[in-house]
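K.L.:
sharing a sequence plus its predicted fold:
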Amino acid sequence: MSRIGKKLITVPSGVTVAVNNGIVTVKGKNGELKTQLHPNVGIDIKGSEVTLTRKTEERSNRAIHGTSRANVANMIKGVAEGFAKKLELVGVGYKAEMKGKNLALALGFSHPIIFRAPDSIKIETPTPTSIVIAGFDKQLVGLVAAKIRSFKLPEPYKGKGVKYEGEVLRRKAGKTAASSK
């Protein structure tokens, strides 16, 4: 049995989980999420507990069992609490600001980068060098954070660019000024 797949998922109060023809629907205070379950994965809902099962012990079914359980658990946590990712801008003159619903980034290019987030994602800039991305869909929050990070990846010499909060970068030494003989 998959260690992750066999864990019970506890459904908090205010969240409803329903299954219809293999489509799991989770509703909560933050919104509603739907996903299609793999045909070899079954789901049992008993009161406030959800259990996922697999039909056979094949390697691929064992792998998808744990993944499906994690996805359903993330859906439940998302509609109940939500998810957030924080980004940091490192570099002289690098800044971010919200202009209406658009995120304007100054990342050292000749022009500002304007990014419009999906409707279910909320972006905040508490300081000019930090960005907070929040939402109830974990996959979409991560996708938006990765997209913003891709505008200017951190470089290995001075670490300039957009990085996740707490991300540790491998730094390179760079050139030496003069070689000693």
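P.N.:
The structure has been received and is ready for your questions.
K.L.:
per-domain residue ranges of this protein.
P.N.:
9-80, 83-164 (automatic domain parsing).
K.L.:
which of these sits closest to Ala173?
P.N.:
domain 83-164 (8.6 Å; CB to CB). For every residue, glycine as well, the C-beta is placed using N, CA and C.
K.L.:
end-to-end on that closest one?
P.N.:
Its start and end residues considered, domain 83-164 measures 14 Å (CA to CA, to the nearest Å).
K.L.:
kindly report the same for stretch 150-160.
P.N.:
For stretch 150-160, the end-to-end distance is 13 Å (CA to CA).
K.L.:
give me the residues contacting it.
P.N.:
90-91, 94, 105, 107-108, 113, 115, 161-163, 167, 169-172, 174 (CB atoms under 8 Å, 6 or more residues apart in numbering).
K.L.:
any weak-confidence spans in the chain?
P.N.:
1-2, 177-181 (pLDDT under 70).
K.L.:
all helices of it, in order?
P.N.:
If DSSP state H is used as the criterion, the helices of the chain fall at 59-80, 138-150.
K.L.:
can you lay out the ones you listed as JSON lines showing distance to Ile123?
P.N.:
Below are the helices of the chain laid out as JSON lines (distance: least, CB to CB, whole Å):
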{"stretch": "helix 59-80", "distance to Ile123": "17"}
{"stretch": "helix 138-150", "distance to Ile123": "8"}
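K.L.:
mean neighbour count, these: which tops it?
P.N.:
Mean neighbour count (mean count of other CB atoms under 10 Å) peaks for helix 59-80 among those, with a mean of 19.
K.L.:
quick one: contacts of it?
P.N.:
Outside helix 59-80, the residues that reach it (CB under 8 Å, 6+ apart) are 2-5, 7, 9, 11-12, 14-15, 17, 24, 26-33, 35, 37-38, 40-41, 43, 50, 52-55, 83, 135-139.
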